[in-house]
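Chemist: A structural model of the following input is requested.
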Amino acid sequence: MNNFAEYIKKYTDGKTVCILGFGREGKSTYRILKKYCTPSAIAVADLNNVDRTANELPEEVELICGKDYQKELDRFDIVFKSPGIVLEKKPSEHKCEITSETQVFFTVFRDQIIGITGTKGKSTVTSLIYHILHESGRDTRIAGNIGIPVFDIAEGVNDDTIVVCELSCHQLEYMTVSPAKAVFLNLYEEHLDHYGTMENYYNAKKNIYLHQNPYDTLWINSKLVTDDIPSVTVTVSDKFNNADVFIIKSKVYDSDDGELEIPVKKIKLLGSHNYYNIAIAWDVCRNLVSRTDFNKALMSFDPLPHRLEPVGTFKGISWYDDSISTACATAIEALKSVPDVNTILIGGMDRGIDYKPLVDFLNKSTVNIICMEASGRRVYSLIKAEQFANPERVHYVDHLEDAVKLASEITPEGKSCVMSPAAASYGIFKNFEERGEVFQQLVRSL
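Modeler: Predicted coordinates:
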């Protein structure tokens with residue numbers, strides 16, 4: 001057994017354990033417990049019914065399902081909470097120990113982890129760093145919020161393995177261990193339906209560095225630097241200022257290595273916001289790979305789906321899927337990045353974010369604006385309440401299907417249309433991936 005297996009066996013030996021949430025991560029936790037551990041009892045608690053037969057759960061595994069699934073947590077010694085579960089009480093109000101896969105994994109492997117968080121770009125940066133290290137011959141694993149539970153890779157982590165881990169605010173919220181190398185990309189209004197205030201949201205994200213050691217490293221957006229950082233700090237900016245790493249046009253400058261020319265015409269990542277992502281990836285990786293290997297891997301990197309993803313040309317229009325967009329800043333970047341953009345589709349679940357920055361930007365642009373769903377109705381109302389330039393270019397429709405149809409009618413041939421909703425997909429679609437897939441299907445059926 002590797003260090004992880006020894007640790008989790010000792011950690012759970014003779015304890016009563018509850019797995020809170022039986023989605024992808026909960027099932028991953030159960031597999032590891034079953035393989036390596038000898039707890040005195042295991043239970044699964046979930047709001048939804050859990051099929052014992054389909055999940056091959058023996059009778060000795062207790063099932064606690066339904067609306068009261070969190071009422072009995074204090075019967076157990078240890079509770080493994082999945083990120084998607086919102087606790088009804090704070091961990092400090094429980095008698096049991098509330099932990100998670102991420103907490104346990106980081107306790108064992110923190111010195112080998114590069115952790116990435118931020119409101120936007122974390123999946124791209126996580127994937128890019130992993131791709132660069134992997135293509136350069138380093139022993140590397142990728143996991144976390146990218147869709148791979150950390151326990152799924154734990155058995156393959158050796159002493160020289162580098163783990164690149166995407167971390168959401170929900171994974172970080174109760175963490176008491178931080179990775180040796182941490183990246184904090186940015187912070188925008190998001191998840192306020194859960195956190196209530198930006199301060200609470202920010203505090204959850206801060207756990208990526210709050211528990212670092214003085215010799216650890218944090219790469220952080222220069223706008224987010226505060227006095228509570230305990231580690232070596234590398235500030236990063238998307239423009240020239242006093243940051244340690246900054247960008248001018250397509251050149252990355254840092255205080256040690258001079259400059260890195262981004263081969264803009266040879267990479268598939270669109271937009272200046274991705275130059276910022278590349279700058280961080282370069283500074284994180286530059287002591288681990290050569291400049292030649294970095295550039296070679298950068299040019300072979302394929303962007304993740306639904307992030308300014310080209311769908312194709314239909315009815316003479318170039319269509320782009322930016323379904324990942326849930327904030328004003330990402331919709332603005334989409335308009336700056338897509339070539340010959342003429343039309344944008346905006347709207348989804350209304351989480352109460354401030355849309356004035358987006359409305360102000362749209363007012364200065366000349367694009368057609370198609371608003372949809374609840375947040376789109378609010379954007380449409382904000383626009384109508386202002387002295388908006390060329391108000392005839394602003395439209396409201398109910399749903400995505402209507403928006404694609406209208407876009408196909410008003411976007412001139414040779415121009416582009418991008419769906420960059422600046423809103424969450426929940427309540428309308430299962431997630432942003434499903435929203436993007438539906439958008440692509442609608443476009444291809446034109």
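Chemist: avg pLDDT for stretch 226-235?
Modeler: If you average the pLDDT over stretch 226-235, you get 97.
Chemist: now do the same end-to-end measure for it.
Modeler: Start to finish, the residues bounding stretch 226-235 are 11 Å apart (C-alpha to C-alpha, to the nearest Å).
Chemist: list the buried ones in that stretch?
Modeler: In terms of neighbour count (16 or more other C-beta atoms under 10 Å), stretch 226-235 has its buried residues at 229, 231, 234-235. C-beta here means a position set from N, CA and C on the backbone, and glycine is covered the same way.
Chemist: what does stretch 291-308 give?
Modeler: 293-295, 297-298, 301, 303, 306-308.
Chemist: quick one: which two of these are the most distant?
Modeler: Asp293 and His306 (28.3 Å; C-beta to C-beta).
Chemist: quick revisit: in helices, which of the buried residues of stretch 291-308 fall?
Modeler: 293-295, 297-298 (DSSP state H).
Chemist: return the member of the buried residues of stretch 291-308 nearest to His194.
Modeler: Among these, and counting by C-beta to C-beta, the member closest to His194 is His306, at 22.2 Å.
Chemist: got a pLDDT number for that closest one?
Modeler: His306 carries a pLDDT value of 96.
Chemist: which ones are touching it?
Modeler: 321-324, 432-433, 435-436 (C-beta atoms under 8 Å, 6 or more residues apart in numbering).
Chemist: same question for Ile332.
Modeler: By C-beta under 8 Å, 6+ apart, the neighbours of Ile332 are 357-358, 361.
Chemist: okay, now the unreliable bits of the chain?
Modeler: 1, 257 (pLDDT under 70).
Chemist: got the domain boundaries for it?
Modeler: 3-99, 103-300, 309-444 (automatic domain parsing).
Chemist: residues of stretch 363-370 that come out buried?
Modeler: Result for stretch 363-370 [16+ other C-beta under 10 Å]: buried residues 363, 365, 367-370.
Chemist: sorry, that was for stretch 338-353
Modeler: Under 16+ other C-beta under 10 Å, the buried positions of stretch 338-353 are 338, 341-351, 353.
Chemist: stretch 409-425 too?
Modeler: Applying 16+ other C-beta under 10 Å to stretch 409-425 flags 411, 415-425 as buried.
Chemist: let me see the contact set for the closest residue in space to Asn186 that isn't next to it in sequence.
Modeler: Counting by C-beta to C-beta, 6 or more residues apart in numbering, the nearest residue to Asn186 once its immediate chain neighbours are dropped is Gly118, at 4.7 Å. Contacts were defined as C-beta under 8 Å, 6+ apart; by that measure Gly118 touches 125, 183-187, 205, 221.
Chemist: out of these, which is nearest to Ile262?
Modeler: Val125 (14.5 Å).
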